[in-house]
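Visitor: No letters, just coordinates:
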């Protein structure tokens, strides 16, 4: 398309409110068309109904028709203009030229879900009018903001959104529309639309109206995107996000050709968050070479399917926090920003990966757990109190996966109560039926307590060819080899039945669906006799003495030891083998939970002890000195 620059139109002066003659409309003489002999005058009024979107961007008018190439006019703002045009059929498009490049950069066609998210980067404030010019004509063209959605302009939603107070919101306001219709078998799920309702923020109550939606039932969520990731990531929990304000409607209906109206004002509510949040922010992109990018385009991303995950590990390698950042890799444009809050200050390892094998764990190709997660990255990070530290751009790197070798299957776990049966590795043990073979062990999952339902797995570890007797078990004593608790009460307590598996070189073997169940052994007990002193002997401490018990695998308990604290009076605790942290405290606010010094409602005095109780310990004594919080 070539662009001509006709006469630059001057701005129309503001109308005087006093009665008087109407102002003369502006005129623009179009290119003379030598084959036409009849011209008519078109007086066009352009109305702006876009609610201030793209304010300040030049307003331009594209005129197509009349047996000539398109002509683009620069228009005053706001204005009525007059065009002298040859007789014929015309299509008029007025648009805000955000890039000020003279080109009409409209929404792509056909629209994709990610285009809704970037609509305000395009020339999406526009109006279109088609007419037959056979005489002098007056017409009106209305500018509206397009969301680059998949539906018709008349099919949409309108209503009023209100902030919880008169203060302006601290970020753009987004709306998520999640389709509620069931996805037919074999079809791709209809994606969530992410609509930037008020990119400039919200103050008080404000109406909205937009179209281009598909008919159907939706769950509607509105939120202030303080962490700027275009996702609802509320703060207030472990490994949460940075958004504070939100509201939801569980079910709304959008009908074809109409804009559904929310009957009540949608008032945003505040999540329970700290005034100063602690955590990390960053962005994720993909470090793919051109051949890999082409493969994604050609094959529809079969090798790159799966949820984008994030997890934080302590320096000992224990996974402390985990969250899904994105359900599908192709659902959002990259780089994808993320914010992780609700993290204790300290040093961690941050893992980001594409969970291609859908096991919910970090299992990159060639890793300790050699899974099928092709794109992954693991780097050290530091979290500082009361700050959200910028960790920069993270480029996920492709590992080398042998797609057709290894093992796959699915397992479910019946979890026993108590500290011995929480947070233990899940392993596959293979016993070769040939006498000269060696027993092999494959780590499937790091923590069995994090598995839900029948959990699938793919492990790409190369295994020797042969026939094996196999079992999948929970490694209770964490020694890397199966020993039944029937032989030793301290050993492994849950397992599948044994089964036969044949492994061929270079092939992937399906182990089927297996259930790990308790073997049924009694739980061994260790007597712990703690004695407690008080560092400030002159202090009065007529409070209950309690102890908070944490096992490294995640099990927690809180027990009452004394109704009223008496120094150096032994107390008895029954525990099992494991790695424990004991926090003894004087429960001065009687809420039956530990509140450390420096927080509101801090308990009077406390002491901490970490200890490992082994299989050969039956009774032990420990002493703890309770220290008082500074007044």
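Guide: That came through, no problem. Source: prediction; values computed, not measured.
Visitor: Could you point out the helix or strand that follows the helix or strand bottoming out on mean pLDDT in the chain?
Guide: Lowest by mean pLDDT, DSSP states H and E among the helices and strands of the chain is helix 290-299, with a mean of 41. Once helix 290-299 ends, the next helix or strand along the chain (criterion: DSSP states H and E) is strand 307-313.
Visitor: what's downstream of that next one, the next helix or strand?
Guide: Moving toward the C-terminus from strand 307-313, the next helix or strand (DSSP H and E) is strand 319-326.
Visitor: what's that following strand packed up against?
Guide: If you count contacts as 3 or more C-beta pairs under 8 Å, 6 or more residues apart in numbering; DSSP states H and E, strand 319-326 packs onto strand 307-313, strand 336-341. No exception for glycine: its C-beta is placed from N, CA and C like everyone else's.
Visitor: Apply 6 Å and report the result again.
Guide: With contacts taken as 3 or more C-beta pairs under 6 Å, 6 or more residues apart in numbering; DSSP states H and E, strand 319-326 sits against strand 307-313.
Visitor: Pairing partners for the strand it packs on, with directions?
Guide: Take DSSP bridges as the rule and strand 307-313 pairs in its sheet with strand 319-326 (antiparallel), strand 346-355 (antiparallel).
Visitor: Relative to residue 520, which of the ones you listed is closest?
Guide: Residue 520 lies closest to strand 319-326 among these, at 29.3 Å (C-beta to C-beta).
Visitor: related to what we said a few turns ago, averaging pLDDT over each of the strands paired with strand 307-313, report the lowest-scoring one.
Guide: Per-stretch averages of pLDDT across the strands paired with strand 307-313 put strand 319-326 at the bottom, with a mean of 83.
Visitor: Buried residues in that strand, which are they?
Guide: The neighbour-count criterion (16 or more other C-beta atoms under 10 Å) identifies 319, 321-323, 325-326 as the buried residues of strand 319-326.
Visitor: Look at residue 449 and tell me its secondary structure.
Guide: The three-state label for residue 449, taken from DSSP: H, G, I helix; E, B strand; the rest coil, comes out as helix.
Visitor: Begin at 809, not 1, for the rest of this chat.
Guide: I'll keep to 809 as the first residue from here, and by that count the last item is residue 1257.
Visitor: thought it was touching residue 1229?
Guide: No. Applying C-beta atoms under 6 Å as the test, residue 1257 and residue 1229 come out as separate, 8.2 Å apart.
Visitor: the more surrounded of those two?
Guide: Between residue 1257 and residue 1229, counting by other C-beta atoms under 10 Å, residue 1229 is the more crowded of the two (23 against 16).
Visitor: Check the more buried one and give its pLDDT.
Guide: Residue 1229 is given a pLDDT of 73.
Visitor: cool, and residue 1330?
Guide: 89.
Visitor: nearest residue to it other than its sequence neighbours?
Guide: Among residues not flanking residue 1330 along the chain, residue 1297 sits closest, at 6.8 Å (C-beta to C-beta, 6 or more residues apart in numbering).
Visitor: Is the one you found part of a helix or strand, or is it coil?
Guide: Per three-state DSSP, residue 1297 ends up coil.
Visitor: Surely it is in contact with residue 1331?
Guide: No. At 8.4 Å, residue 1297 does not count as touching residue 1331 under the criterion of C-beta under 6 Å.
Visitor: re the thing from before, dump the strands paired with strand 1115-1121 into a markdown table; add distance to residue 899 as well.
Guide: Putting the strands paired with strand 1115-1121 into a markdown table (distance: least, C-beta to C-beta, whole Å) gives the following:
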| stretch | distance to residue 899 |
| --- | --- |
| strand 1127-1134 | 39 |
| strand 1154-1163 | 45 |
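Visitor: nearest to residue 1385, of those strands?
Guide: That would be strand 1127-1134 among the strands paired with strand 1115-1121, by C-beta to C-beta, at 21.6 Å.
Visitor: Go ahead and measure how far the closest one is from the middle of the chain.
Guide: Centre-to-centre, strand 1127-1134 and its host chain are 9 Å apart (C-alpha atoms, centre = their mean, to the nearest Å).
Visitor: the inter-axis angle of it versus strand 1144-1149?
Guide: On the basis of axes from the mean of the first three to the mean of the last three C-alpha atoms, to 10 degrees, strand 1127-1134 is oriented at 140 degrees to strand 1144-1149.
Visitor: ok, residues contacting strand 1127-1134?
Guide: 1046-1047, 1115-1122, 1140, 1146 (C-beta atoms under 6 Å, 6 or more residues apart in numbering).
Visitor: Can you add neighbour count, pLDDT and distance to residue 962 and give the residues you listed back as JSON lines?
Guide: Formatted as JSON lines, those follow (neighbours: other C-beta atoms under 10 Å; pLDDT from 0 to 100; distance: C-beta to C-beta, whole Å):
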{"residue": "1046", "neighbour count": "14", "pLDDT": "76", "distance to residue 962": "45"}
{"residue": "1047", "neighbour count": "18", "pLDDT": "77", "distance to residue 962": "42"}
{"residue": "1115", "neighbour count": "16", "pLDDT": "80", "distance to residue 962": "36"}
{"residue": "1116", "neighbour count": "23", "pLDDT": "84", "distance to residue 962": "36"}
{"residue": "1117", "neighbour count": "20", "pLDDT": "86", "distance to residue 962": "40"}
{"residue": "1118", "neighbour count": "22", "pLDDT": "89", "distance to residue 962": "41"}
{"residue": "1119", "neighbour count": "21", "pLDDT": "88", "distance to residue 962": "45"}
{"residue": "1120", "neighbour count": "24", "pLDDT": "90", "distance to residue 962": "47"}
{"residue": "1121", "neighbour count": "19", "pLDDT": "87", "distance to residue 962": "52"}
{"residue": "1122", "neighbour count": "14", "pLDDT": "87", "distance to residue 962": "55"}
{"residue": "1140", "neighbour count": "23", "pLDDT": "67", "distance to residue 962": "28"}
{"residue": "1146", "neighbour count": "25", "pLDDT": "90", "distance to residue 962": "36"}
